[in-house]
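Dropping a prediction and its sequence here:
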Amino acid sequence: MTDLLKSTTGIVTAALLAASAASPALAAEKWDMPLAYPATNFHSENAAVFAACVTSGSGGEIEIVTHPGGSLFGGADIKRAVQTGQALIGERLLSAHANEDPLFGIDSIPFLASSFEASGKLWDAAEAAIAEALDGQNLVLLYTVPWPPQGIYFNKEVNSGNDMKGVKFRAYNAATAKLAELTGMLPVQIEAAEVSQAFATGVAESMVSSAATGYDSKLWENVSHFYEVDAWLPRNAMLVNKDKWAGLSDDMKKVFTDCAATAEAEGLERAKAYTTKTLEGLASNGMQVLKPSDELKADLAAVGATMTEEWLAAAGDKGKAIVDAYKAQ
């Protein structure tokens, strides 16, 4: 009996030790990451690599699970979900929230920064002020990645501002809504996940967006023209709930920030590569990819000048300081 008791005790002890050793894995936290764009979009792919980096770097203590295509929260709801802790981390197009703070729309001022190089300089000037604004909304900014330069999709040939009047136009932020107003187009609020259906059903006939969005949505099935006006390069931002962030150890925060630095650098290279790929993809699938006429460029430049003045008036001294710092580089 004694030997049996010893044997049984040994088995139980071994089982308890095994359970104890496994407990860290069982205690791993799952962080859901809502994403507005399809899994094949370069932003979503980049976010998935970032999520895997954090999961690995944390030794499995935190597992980040991505939910692309607006499957967990629609694009319009992602920022609020992270603010309130419904999701602990998520990626959002910052300019979509310029109605909350004009600074969030700094990257969507038409023709202020029309290239990847200029976009990087503008972000260098704006990052600290935007991070501060997000901090006041219970959010921590981890990294941003620009979209390719924005062009304009139309379902007809457009050579001037007059050709744009009355066209149903997809708006997704304050800047695009204002662009529609100033050109006489009719704005319709449509999130990224709804683009294909909107154009297929005629709810939208035009939009300002990158070649990437059109390529991801196969817009050549319903849209005939893409004009390379290079209006602006809006940014997606990876955001973390500030309350949750405050509870992380310094070592864990470093895992996040190291992975974020890599994601920002790699995301920029993905954006550049995706620009070429998607422009070629639109053309090869039958869409006319064109440079704007001189008249159209002039008409859009006039709209851009008006929007810049209005943005500066709304953003006040902070906005002026950012633009001045950008132009001084």
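Noted; the coordinates are in hand. Numbers count the residues shown, from 1 in each chain.

which other residues reach stretch 62-80?
28-39, 41, 44, 47-48, 50-52, 54-55, 81, 86-87, 89-93, 96-97, 139, 191-193, 239, 252 (C-beta atoms under 8 Å, 6 or more residues apart in numbering). Backbone N, C-alpha and C define where each C-beta goes, glycine included.

Does residue 37 lie in a helix or a strand, and which?
For residue 37, there is no host helix or strand (DSSP states H and E).

follow-up on the earlier one: show me the contacts of stretch 62-80 that map onto helices.
44, 47-48, 50-52, 54-55, 81, 252 (DSSP state H).

need those residues in JSON lines with pLDDT, distance to residue 272 and neighbour count, can you?
As requested, the ones in helices among the contacts of stretch 62-80 are exported to JSON lines (pLDDT from 0 to 100; distance: C-beta to C-beta, whole Å; neighbours: other C-beta atoms under 10 Å):
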{"residue": "44", "pLDDT": "97", "distance to residue 272": "17", "neighbour count": "22"}
{"residue": "47", "pLDDT": "98", "distance to residue 272": "17", "neighbour count": "28"}
{"residue": "48", "pLDDT": "98", "distance to residue 272": "19", "neighbour count": "17"}
{"residue": "50", "pLDDT": "98", "distance to residue 272": "18", "neighbour count": "27"}
{"residue": "51", "pLDDT": "98", "distance to residue 272": "22", "neighbour count": "22"}
{"residue": "52", "pLDDT": "98", "distance to residue 272": "22", "neighbour count": "14"}
{"residue": "54", "pLDDT": "98", "distance to residue 272": "24", "neighbour count": "23"}
{"residue": "55", "pLDDT": "97", "distance to residue 272": "27", "neighbour count": "20"}
{"residue": "81", "pLDDT": "98", "distance to residue 272": "30", "neighbour count": "21"}
{"residue": "252", "pLDDT": "98", "distance to residue 272": "31", "neighbour count": "17"}
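
what residues does stretch 202-211 touch?
Residues contacting stretch 202-211 (C-beta under 8 Å, 6+ apart): 147-155, 164, 167-170, 172, 176, 179, 185, 188, 190, 195, 197-199, 213, 226, 231, 275, 278-279, 281-282, 289.

hmm, 6 Å instead?
With C-beta atoms under 6 Å, 6 or more residues apart in numbering as the test, stretch 202-211 has contacts from 147-148, 150, 152-155, 167-170, 176, 188, 190, 198, 231, 278-279, 282.

what's the nearest residue to residue 36 if we skip its chain neighbours?
residue 75 (3.4 Å; C-beta to C-beta, 6 or more residues apart in numbering).

same question, residue 137
residue 83 (5.7 Å).

contacting residues for the one you found?
Here residue 83 is in contact with 137-139 (criterion: C-beta under 6 Å, 6+ apart).

you'd agree it is in a strand?
No - residue state for residue 83 (DSSP: H, G, I helix; E, B strand; the rest coil) corresponds to helix; a strand is not indicated.

ok, and for the strand or helix carrying residue 278, which residues are buried?
With elements taken from DSSP H and E, the one containing residue 278 is helix 250-284. Residues of helix 250-284 classed as buried by neighbour count (16 or more other C-beta atoms under 10 Å): 252, 255-256, 259-260, 263-264, 266-268, 270-271, 274-275, 277-279, 281-282.

Check stretch 61-79 too.
Neighbour count says stretch 61-79 has 61-64, 66-70, 72-79 buried, by 16+ other C-beta under 10 Å.
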